[in-house]
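**Student:** Return a 3D structure for these sequence lines:
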Amino acid sequence: MPAISMFYGIIISLYFYDDERHSLPHIHAKYQGQDASFSILDGALLSGEIPPSKARLVQA
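**Tutor:** Next comes the predicted model:
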């Protein structure tokens with residue numbers, strides 16, 4: 001998995017050919033075994049879940 005950033009235990013990944021599940025440009029965030037996808041355009045949660053405090057850090 002290509003990690004592009006790591007902070008506060010959150011790993012941010014970007015996949016080049018990952019348009020099957022989400023049609024919007026997005027990133028993947030992993031935190032303690034939980035996964036979530038966030039839109040790059042507006043930071044909206046597309047799928048999955050991570051703790052709300054960590055999700056706010058990713059969206060910022």
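
**Student:** if I read this right, Leu41 contacts Leu24, doesn't it?
**Tutor:** Yes - with contact taken as C-beta atoms under 8 Å, Leu41 and Leu24 are classed as touching, separated by 6.5 Å. In this view, the C-beta of every residue, glycine as well, is placed from N, C-alpha and C.

**Student:** Looking at the two now, which is surrounded by more residues?
**Tutor:** Between Leu41 and Leu24, Leu24 has the larger neighbour count (other C-beta atoms under 10 Å), namely 13 against 9.

**Student:** What spatial separation is found between that one and Ala36?
**Tutor:** Counting by C-beta to C-beta, to the nearest Å, the gap between Leu24 and Ala36 amounts to 14 Å.

**Student:** Need the overlap of contacts for the two.
**Tutor:** Here Leu24 and Ala36 have Leu46 as joint contacts, going by C-beta atoms under 8 Å, 6 or more residues apart in numbering.

**Student:** Moving C-terminal from the helix or strand hosting Ile4, which element do we reach first?
**Tutor:** Following DSSP states H and E, the helix or strand that holds Ile4 is strand 3-7. Secondary structure here is assigned by DSSP H and E; on that basis, the next helix or strand after strand 3-7 toward the C-terminus is strand 10-13.
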